[in-house]
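Engineer: Pasting the sequence and the predicted coordinates here, then a few questions.
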Amino acid sequence: MGPLPGITATCKTLPSNRIKSGEEATWYATASGGTTPYTFTWKSVGQFGDNNVNNKKTENSNESKWGPFQYTLNLGQKSDKKIATVDITDNSSPAKTTQCTITLEIGDQQPTIIEVPPR
């Protein structure tokens, strides 16, 4: 019997990786390979949702979600990015770990209107 395969991860935000100010997004991570259950440790960079910078969850499934969180731009701010990483560890001995990083872009809700003077 050969060694167990490592863990692979897929990460995303829904409804997409770009939202408008005032909208909500949920962060997802999916693991495969290794030995279940998986432990998902969510970490953020900078101010993020509930400001929870180390949210550890042990899941009996191969998917973990964090959120939803509502994101609002500050007055005068045109865009922002929120970045999170998730460490995924399996239940093998020794444990195997992988990581993925997700970037969420928040855009200005109001479209920019440029007036062009008549010629």
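Structural biologist: Perfect, I can see it now. Bear in mind that the values here come from a model prediction, so they are computed numbers and not experimental data.

Engineer: Now do the contacts for the residue nearest to the spatial centre of the chain.
Structural biologist: For the chain, residue 27 is the residue whose C-alpha lies nearest the centre (Cα atoms, centre = their mean; 4.0 Å). Residue 27 makes contact with 11-13, 42, 65-67, 84, 86, 102, 104, according to Cβ atoms under 8 Å, 6 or more residues apart in numbering. For the C-beta atoms, the positions are set from N, CA and C on the backbone; glycine is no exception.

Engineer: what about it, distance to residue 76?
Structural biologist: From residue 27 across to residue 76, the span is 27 Å (Cβ to Cβ, to the nearest Å).

Engineer: any idea which helix or strand carries the residue nearest to the centre of the chain?
Structural biologist: For residue 27, the host element (DSSP states H and E) is strand 24-32.

Engineer: Send me the very next helix or strand once past that strand as CSV with only the CA atoms.
Structural biologist: Per DSSP H and E, strand 24-32 leads on to strand 38-45 as the next helix or strand towards the C-terminus. The C-alpha coordinates for strand 38-45 follow below in CSV (Å, rounded to 0.1, in the frame of the first residue of the first chain):
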residue,chain,number,x,y,z
TYR,A,38,-11.0,18.1,7.9
THR,A,39,-10.2,21.1,10.0
PHE,A,40,-10.6,24.5,8.2
THR,A,41,-8.8,27.5,9.8
TRP,A,42,-10.0,30.8,8.3
LYS,A,43,-7.7,33.8,8.6
SER,A,44,-8.2,37.3,7.3
VAL,A,45,-5.9,40.1,6.3
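
Engineer: those strands in this protein, which residues are they?
Structural biologist: 8-14, 18-20, 24-32, 38-45, 55-59, 63-70, 79-89, 97-107 (DSSP state E).
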